[in-house]
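Novice: mind looking at a prediction? Sequence and model below.
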Amino acid sequence: MTLVMKFGGTSVGSAQAIRETAELILNAKKEWGSVVVVASAMGTKPIKVTDLLLEGATSALSGDAETYKHTANQLRQIHYETIDALLTPEGERQIVLAENNLFITRFETLCKAVLVLGELTPRALDTVGGMGEQMSVRILAAYLRQLGHKAEAIDATELIVTNSLFQNASPIFEQTVPKTQARLQPLLDDDCIPVVTGFIAANEAGITTTLGRGGSDFSGAILGQCLNAQEVWIWTDVDGVMTADPRIVQNAKSIPVLSYREVSELAFYGANVLHPKTMRPCVENNIPLRIKNTFNPSHPGTVIVPDNGSMNGGAKAVTAIKKLSLITVEGKGMLGIPGIAARTFGAVAKANVSVLLISQASSEQSICFATPENSSDTVIKGLEAEFEEEIKRQDIDRVWAIHDVSIVTIVGAGMRGTPGISGALFTALGNHHVNIIAIAQGSSECSISLVIDGKETAEAVNHIHEVIVA
């Protein structure tokens, strides 16, 4: 049986964290036989290696000739201290130190080029941004070897082939599957543990790309599909998916089981869980995906399973997205005119802005939708240009926005078959004088989304959470 284990930045963020991670890997290997490890760049609060790398390159773009040098020194200190604490002098310490130094020196060289040229392309950002993973896997693999186990650090540029959309590339599975199997299966057959970089890949020309938000998790799911893994485990620093953000709700709890669809809804609406694209390889291949806590490994975490229609009804979690604007297009002349909605969202698409929620009354006299607040002015200008003639004729009265709103979303498969869910939610908010500005709910009833004043976000989430856990 094959298990893919992905470890986040905190799981490899220090010498002690790597020791604990190695123990988890070796325990899983005893149970599963074949284990593939995917690792992120080192990251301990408040310092994350990927952030340091990108900030260093960005500072060079602004003409700053000193920050990236300071960043390089920080990177050396972070990695060298970890290597010194983990690896013995008579072992691979000097080799791994030298390997890491090559990456940091390359980082400095690239930043100097950015400084001179005054240009930082998405391609260059991908090259810089993926160096953290390349350093961390070499440390982890060397430590596993020091413990007496076969292990090999592998750059995912050898495995995952993507398109050339730098910063947010998509895998080409027709090429990725055979390359991955040819490279990793012989290692697994030889009882070796592949330790693979998360986040990065390469296009068909072999140029480094990155997989965008949630990239390391996505890497784990991609390898799970390619190797026909029995499960994919995502190791992080929380006990699975929570019923709410524990920073907002003190009594938030871990959810034992969720469907792929429920997690996709939670991820879309701001919960700090897997990005929907991470789950697609698992969904399409019926591979269970488990989220576990590196620092509390005995906790079962959350297992994410295929949608089979048998999930228990009721709401399971509440989440929120802040700093939004609710934009409204309204006018008595809109009634019955075909194409108003299409033109509205066509104008939003031209502005390259995402729509997070849509609400329209059956009277067709208004359409409202939520977008990130920092893009609202651009969207409104685009809509006014699109409907210039209709505004002159007063078919459309105005295009306007309510700023500083939040979307609060309640998620749970099967809510449609559980009477009273919506009523309980509205009652909970009404009893505490939280005003609902807009509502959106699909016919599937996997989620209900409410737009509220941004200042009332924490209060609303807490009151709704009381209904969920009651």
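Specialist: Looks like it arrived, so ask away.

Novice: please make it C-alpha for all contacts and neighbour counts, starting now.
Specialist: OK.

Novice: first-to-last residue distance for stretch 86-98?
Specialist: Stretch 86-98 stretches 15 Å from its first residue to its last (C-alpha to C-alpha, to the nearest Å).

Novice: quick one: buried residues of that stretch?
Specialist: The neighbour-count check on stretch 86-98 (16 or more other C-alpha atoms under 10 Å) flags 86-87, 92-93, 96-97 as buried.

Novice: and what of stretch 397-412?
Specialist: Buried residues in stretch 397-412 (16+ other C-alpha under 10 Å): 397-401, 403-412.

Novice: which stretches of the stretch 151-300 of the chain form strands?
Specialist: When assigned using DSSP state E, counting those that start in this stretch, the strands of the stretch 151-300 of the chain occupy the ranges 151-154, 161-162, 193-197, 200-203, 208-210, 231-236, 257-259, 289-293.

Novice: mind checking which of those is nearest residue 128?
Specialist: Evaluated with C-alpha to C-alpha, the strands of the stretch 151-300 of the chain place strand 208-210 nearest to residue 128, the distance being 9.5 Å.

Novice: direction included, what does the closest one pair up with?
Specialist: According to DSSP bridges, strand 208-210 forms sheet pairs with strand 200-203 (antiparallel).

Novice: report the contact partners of residue 341.
Specialist: By C-alpha atoms under 8 Å, 6 or more residues apart in numbering, the contact set of residue 341 is residue 367.

Novice: next SSE after whichever strand or helix holds it?
Specialist: Secondary-structure element containing residue 341, defined by DSSP states H and E: helix 340-350. Following helix 340-350 in sequence order, the next helix or strand is strand 357-360 (DSSP H and E).

Novice: just the residues contacting that next one, thanks.
Specialist: Outside strand 357-360, the residues that touch it by C-alpha under 8 Å, 6+ apart are 366-371, 438-440, 449.

Novice: one more pass at 7 Å, please.
Specialist: Identification of contacts with strand 357-360 by C-alpha atoms under 7 Å, 6 or more residues apart in numbering yields 366-370, 438-440.

Novice: strand partners of it, parallel vs antiparallel please.
Specialist: The pairing partners recorded for strand 357-360 under DSSP bridges are strand 366-372 (antiparallel).

Novice: quick check: mean pLDDT of the strand it pairs with?
Specialist: Averaged over strand 366-372, pLDDT sits at 93.

Novice: again, but for stretch 213-224
Specialist: Taken as a whole, stretch 213-224 has a mean pLDDT of 91.

Novice: what comes up buried for it?
Specialist: If you call a residue buried by 16+ other C-alpha under 10 Å, then stretch 213-224 has these buried ones: 214-224.

Novice: try stretch 58-73
Specialist: For stretch 58-73, a neighbour-count test (16+ other C-alpha under 10 Å) marks 58-61, 64-65, 67-69, 71-72 as buried.

Novice: that stretch - what's its average pLDDT?
Specialist: 96.

Novice: quick one: which of the strands of the stretch 151-300 of the chain is nearest residue 109?
Specialist: Closest to residue 109 of the strands of the stretch 151-300 of the chain is strand 208-210 (C-alpha to C-alpha; 16.8 Å).

Novice: what residues does that closest one touch?
Specialist: Residues lying outside strand 208-210 but in contact with it, judged by C-alpha under 7 Å, 6+ apart, are 126-127, 157, 166-169, 199-203.

Novice: now render those as a markdown table, adding distance to residue 25 and pLDDT.
Specialist: A markdown table is the format used below for the contacts of strand 208-210 (distance: C-alpha to C-alpha, whole Å; pLDDT from 0 to 100):
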| residue | distance to residue 25 | pLDDT |
| --- | --- | --- |
| 126 | 28 | 97 |
| 127 | 28 | 96 |
| 157 | 23 | 98 |
| 166 | 31 | 96 |
| 167 | 30 | 94 |
| 168 | 29 | 92 |
| 169 | 29 | 95 |
| 199 | 20 | 96 |
| 200 | 22 | 97 |
| 201 | 23 | 98 |
| 202 | 27 | 98 |
| 203 | 30 | 97 |
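
Novice: roughly how far does residue 189 sit from residue 25?
Specialist: Residue 189 sits 17 Å away from residue 25, going by C-alpha to C-alpha.

Novice: neighbour count for these two, which is higher?
Specialist: Counted by other C-alpha atoms under 10 Å, residue 189 and residue 25 do not tie: residue 25 has more neighbours, with 19 against 11.
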